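> Just need the structure, nothing else, for what follows:
(4 chains, ligands or ions: 6)
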Amino acid sequence: MKKIINDPAAVVAEALRGMAAAHPDLLTVRTDPAAILRADAPVAGRVAVVSGGGSGHEPLHGGFVGPGMLHAACPGPVFTSPTPDQVQAAIEAVHGGAGVLLIVKNYTGDVLNFETAAEFALAEGIDVRTVLVDDDVAVKDSLYTAGRRGVGGTLLVEKIVGAAAERGADLDTCEQLALRVVAGTRSLGMALTACTVPHVGEPSFTLAEDEMEIGIGIHGEPGRERLPLEPADGIVRRLVDAITEDLPFAEGDRALLFTNSMGGTPQLELYLAHGIAERLLAERGITVERRLVGPYVTSLEMQGMSLTLCRLDDELIDLWDAPVHTAALRWGC
Amino acid sequence: MKKIINDPAAVVAEALRGMAAAHPDLLTVRTDPAAILRADAPVAGRVAVVSGGGSGHEPLHGGFVGPGMLHAACPGPVFTSPTPDQVQAAIEAVHGGAGVLLIVKNYTGDVLNFETAAEFALAEGIDVRTVLVDDDVAVKDSLYTAGRRGVGGTLLVEKIVGAAAERGADLDTCEQLALRVVAGTRSLGMALTACTVPHVGEPSFTLAEDEMEIGIGIHGEPGRERLPLEPADGIVRRLVDAITEDLPFAEGDRALLFTNSMGGTPQLELYLAHGIAERLLAERGITVERRLVGPYVTSLEMQGMSLTLCRLDDELIDLWDAPVHTAALRWGC
Amino acid sequence: MGCSVEDVTAAVRAAAEVVREYRDELVELDREIGDGDHGENLHRGFTAVLAKLDGGGFDGPASVLKVTATTLISTVGGAAGPLYGTAFLRAATALGDASEVDGQLAANALAAALEGVVARGKAAPGDKTMVDALTPAVTAAQSTVDSGVRAVLLAAADAAEEGAASTVPLVARKGRASYLGERSAGHLDPGARSTAVLLRALAEAARR
Amino acid sequence: MGCSVEDVTAAVRAAAEVVREYRDELVELDREIGDGDHGENLHRGFTAVLAKLDGGGFDGPASVLKVTATTLISTVGGAAGPLYGTAFLRAATALGDASEVDGQLAANALAAALEGVVARGKAAPGDKTMVDALTPAVTAAQSTVDSGVRAVLLAAADAAEEGAASTVPLVARKGRASYLGERSAGHLDPGARSTAVLLRALAEAARR
Ligand SMILES: Nc1ncnc2c1ncn2[C@@H]1O[C@H](COP(=O)(O)OP(=O)(O)O)[C@@H](O)[C@H]1O
Ligand SMILES: Nc1ncnc2c1ncn2[C@@H]1O[C@H](COP(=O)(O)OP(=O)(O)O)[C@@H](O)[C@H]1O
Ligand SMILES: [Mg+2]
Ligand SMILES: [Mg+2]
Ligand SMILES: [Mg+2]
Ligand SMILES: [Mg+2]
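Ligands and ions are numbered 1, 2, ... in the order given. The predicted structure is shown next:
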């Protein structure tokens, strides 16, 4: 295992220390339990937007804490959801009197831990709502399974709801808005290489030089399909096809296209893939009105990419464009 | 070779197409010869700041084009400096009547090609100055060698001089400012893995599971020293020691600390390393007043990191803080 | 005579210690069809449990299980944290204020644990989860209630091991392995395995 | 009788074609002590040169070399682009408006090329660059001026090959390989190698 770390068990704690040092004016970083909070939290009279999950997906979620996006992020150990106490402490730290919206990626662990935290917080009289993000079309959705995973779409929910909360939208409005973004968002990822979890010490799976994995998750889970490696045109077409057929996206739709690196794919390749995706969407009559390209919802050093497509309307565009000031996303201020 | 590409010879052209699609309001992307220009260029009455170099270091340089930073970037093929015509065309496209400052990383190829372009432009009556960035302490400086390489410090020069140009500083002032930043900036990089150049198809060098390379360049060049892999504490200490001894940085110095990923190192590790660097600098009595953490001056998918330290004063801080709006760096607007 | 508060403490301690031994195996099982953290998660949690047990001050068997539950909930994370946490919490509730645990109580506690896991996780037998180990364990325990705690737990452990082994051919329908679809077949479920391991350790530590 | 404009065109075309053959070897040499692009750079440049030569319309040997020079400068990039570009440009200047190239002119052109490379790159013999191939080539050419272009170039190519080989033990002081310090020793310099390859191809294509 080749990593710039000390003790594998201390990776998250040490990274948080670095994050605190890097963003002293923006963030308050707590340890025990770990939380990344807006420096100015709690913001009185505003819905507090809280998210979190296992570490290893940075900048998700801690990199999205700040005015216009999250009030708090709860980082668990690498690829392991945070505990209820941790989430509860974050809720209490940022609750500004207007309720708390939990944005939770749909994984059993995250759901159960956030659920428990929400129960505790409710018992203390804090109005807490939970919205599950489940945008990954790689996973078949069914009542009898764990359901779809939350992946790239999480960022969009956090940005858009965070903007609404910043403007003073109430908890009902924020919750409905989050549900609306989730309903209109689909993602699919692929990998060229696996990642290595520090406490595991070896890659989560092995791919031959001429293989790729389609439909991977963001926790080093293998995907649903292993295929011979293809040129970028083929790879991107697979992702675009699966995503647009799923919702389905239709001719005339306005959309945000988010081309995401799983961590190890360089920007040169990412922009190349983004260009192909834009072309394919244009061919289908889908108008890309906003875009984001970069390593935002990652899986450690995994090489690969995901595409996320989100249906837009004027309201969502306005909220997407609203000022945001976080470690990883910043505009308008 | 595992990459999301089509034809290796077309990687840069296709990536530029994606970049153009991703940033339609911010950038004008030209091909043949390739250039990334500020959408509002030329900016009349302002010094035009132009840089460029081989591709594969993204977001350097194209990701730094926009108000408050570069007016144009000239991307060469992967790890190969652009040609004189290319640079000359960019100069002519962004020249706003107040002269042009070329920021060139000190590599023989870049120096020779930009030099030739500058001669052509001068011959056409454009006042062109060139500032070489040579911040890499891995390389011994001497009159008889190619001199030190330009690495992470290039970003700082581009940001600070870009801010001054935006405010209306004249060409002399911009040139002097660039020289001042270069004089006060030092960097050192290390790698855990090599990168693979698309047209080569195999890694630039090979490191065993328990080896690391100190003093690597950003072109997949092997470093000066191959050592047994160490924990993060040891790695970061080596970088901090070499950098602070070189200038030297002294107790009481105010500094900007830039913790850079070579591309494949995930943010979790990068923040962890950043935290260590901050601690070591504090121990030496150096006050870190500004910081930047991320993959900004990369070497494709190489895993590794570099540290850049730049001496600050009030003027430099003010220019660093000035608004910037580019694809990769944005604040204050 | 059943198990005292000291006996229960010793049994949980023994189980907690055994997790360290199985850490790597559980990591490896989870790496194959999950995200590779199950062994690390339980190890972190049960290490914290050991520290808590050192603190002592338990007024009955239920309080030992309750502290174990809250410690697991606040340190394990992932799916296993709330599930095992709930299991121990429900088991504690089933023990009530009894000062000694007999075979019947032990079987009741196991049944309550299973109910808790199902209530939280909504998994049915055959979904390839810890439920596939716990369900037969409860049945086996219930048919041996008259033979003392140790016998009850030994029967439960045997059944849990068989139940865990039965997950190998299954296609997962719950938890992270479900994302793999058909590719999850052919692997042992890590949570079912850890359930069997924990029950075996508890049984072997039970003095009566 | 010396080489006509057609002969010079054919020779440059032959050299350009040979670069394709050596692309991978030059990439590999540069990967070892540089950044792995030398073969790709020259291949890109000389492919463009071939296209330009197809256009024809040259009024003398010098104009063939001049077009070669400007094409290389505008397509190769890296260190080799300006250096080889300058070399061909200076060689063109040395030929002046001669309609035929004889041994003396060829040797002069080579000497001018070397001067150009040194003026631009500031490398001295022994720095482990193309100068180590070109310098002995110029000397050899100058001592064979009376024997015709082919003989001059053959002597130059022989000397360049020896010169290139002599770079192996050297520690680089110029170019990218210099960053390696002592670790650059034990490798053939890619630019010296390409110089030898180009000279050999020009020599073998020279009809007189
Ligand atoms: N819904 C569920 N009901 C019961 N057990 C479950 C459920 N989901 C997952 N599990 C169990 O949890 C185990 C995985 O635990 P762990 O790896 O610690 O959590 P995570 O999947 O969050 O990484 C699985 O092997 C399975 O036995
Ligand atoms: N200053 C110099 N003078 C002469 N030749 C040089 C100089 N610097 C580099 N070279 C030659 O250029 C070759 C490398 O060319 P190339 O790989 O195309 O460029 P780059 O180093 O920019 O990648 C070296 O092998 C060397 O022979
Ligand atoms: Mg997990
Ligand atoms: Mg090069
Ligand atoms: Mg797991
Ligand atoms: Mg090279």
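
> Might you report the residue contacts of the residue in chain C positioned nearest to ligand 1?
Per C-beta to the nearest ligand atom, C:G191 is where chain C lies closest to ligand 1, at 1.9 Å. (Glycine included, C-beta is placed from N, CA and C.) Neighbouring residues of C:G191 by C-beta atoms under 8 Å, 6 or more residues apart in numbering or on different chains: C:38, C:79-80, C:83, C:129-130, C:133, C:175.

> which of those come close to chain B?
Contacts with chain B are made by none of the contacts of C:G191, judged by C-beta under 8 Å from any C-beta of the partner chain.

> you'd agree A:A22 is up against A:A328?
No. Look at A:A22 against A:A328 with C-beta atoms under 8 Å: they stay out of range, at 11.4 Å.

> circling back to that earlier point, can you tell me which of the contacts of C:G191 comes closest to ligand 5?
C:H38 (4.6 Å; C-beta to the ion).

> Tell me which residues touch that closest one, please.
C:H38 touches C:26-27, C:29-30, C:78, C:80, C:190-191, C:194, counting by C-beta under 8 Å, 6+ apart.

> Spatially, which two of these are the most separated?
C:L29 and C:G78 (13.9 Å; C-beta to C-beta).

> ok, the two, which is more surrounded?
Using other C-beta atoms under 10 Å in any protein chain shown as the criterion, C:L29 and C:G78 rank with C:G78 on top: 34 against 23.

> Check the gap between that one and C:H43 for me.
C:G78 sits at a distance of 12 Å from C:H43 (criterion: C-beta to C-beta, to the nearest Å).

> Please apply the same query to A:D314.
According to C-beta to C-beta, A:D314 and C:H43 sit 51 Å apart.

> Then C:A205?
18 Å.

> Near ligand 4, which residues of the stretch 151-300 of chain A? Just list them.
Residues of the stretch 151-300 of chain A lying near ligand 4 by C-beta under 5 Å from the ion: none.

> Now the stretch 151-300 of chain A against ligand 6: closest residue?
Per C-beta to the ion, the residue of the stretch 151-300 of chain A with the smallest distance to ligand 6 is A:L268, at 17.9 Å.

> So the residue lying closest to that residue once chain neighbours are set aside: helix, strand or coil?
Computed as C-beta to C-beta, 6 or more residues apart in numbering or on different chains, the closest residue to A:L268 that is not its neighbour in sequence is B:A15, at 4.8 Å. Using DSSP: H, G, I helix; E, B strand; the rest coil, the structure places B:A15 in helix.

> can you list the residues of chain A near chain C?
A:9, A:33, A:54, A:76-86, A:107-109, A:112-113, A:115-116, A:138-140, A:144-146, A:149, A:197, A:199-200, A:202, A:204, A:217, A:219-222, A:224.

> The residues you listed in helices, which ones?
A:84-86, A:108-109, A:112-113, A:115-116 (DSSP state H).

> Sketch out the low-pLDDT regions of the stretch 1-150 of chain A for me.
Within the stretch 1-150 of chain A, the stretches with pLDDT under 70 are A:142-144.

> Same drill for A:D314 and C:H43, tell me which one is more crowded.
More neighbours surround C:H43 than the other of A:D314 and C:H43, with 23 against 9 (other C-beta under 10 Å).

> Verify the stated contact: that one with C:E21.
No. Taking C-beta under 8 Å as the definition, C:H43 is not a contact partner of C:E21, at 9.8 Å.

> Distance from stretch A:187-196 to the middle of the chain?
Chain-centre distance of stretch A:187-196: 15 Å, with C-alpha atoms, centre = their mean, to the nearest Å.

> So that stretch, near chain B or not?
Yes. Contact of stretch A:187-196 with chain B (C-beta under 8 Å from any C-beta) involves A:192-193.

> Let's see that stretch as PDB, backbone CA atoms only.
Written as PDB, here are the backbone C-alpha positions of stretch A:187-196 (Å, rounded to 0.1, in the frame of the first residue of the first chain):
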ATOM      1  CA  SER A 187     -25.600   9.000 -12.000                       C
ATOM      2  CA  LEU A 188     -23.400   6.200 -13.200                       C
ATOM      3  CA  GLY A 189     -19.700   5.500 -12.500                       C
ATOM      4  CA  MET A 190     -17.000   3.400 -13.900                       C
ATOM      5  CA  ALA A 191     -13.500   2.400 -12.800                       C
ATOM      6  CA  LEU A 192     -10.200   1.700 -14.500                       C
ATOM      7  CA  THR A 193      -8.500   0.800 -11.200                       C
ATOM      8  CA  ALA A 194      -9.600   0.000  -7.700                       C
ATOM      9  CA  CYS A 195      -8.800   2.000  -4.600                       C
ATOM     10  CA  THR A 196      -7.000   0.900  -1.400                       C
END
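
> which residues touch the residue of chain C at minimum distance from chain D?
Proximity of chain C to chain D (C-beta to the nearest C-beta) peaks at C:R31, 34.7 Å away. Counting by C-beta under 8 Å, 6+ apart, C:R31 touches A:200, A:202, A:204.

> Reformat those as JSON lines; add neighbour count.
Supplementary listing: those in JSON lines, determined by neighbours: other C-beta atoms under 10 Å in any protein chain shown:
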{"residue": "A:V200", "neighbour count": "24"}
{"residue": "A:E202", "neighbour count": "14"}
{"residue": "A:S204", "neighbour count": "26"}
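
> Any residue of stretch A:311-321 touching chain B?
No. Contact of stretch A:311-321 with chain B is not found when judged by C-beta under 8 Å from any C-beta; the minimum separation is 11.5 Å.
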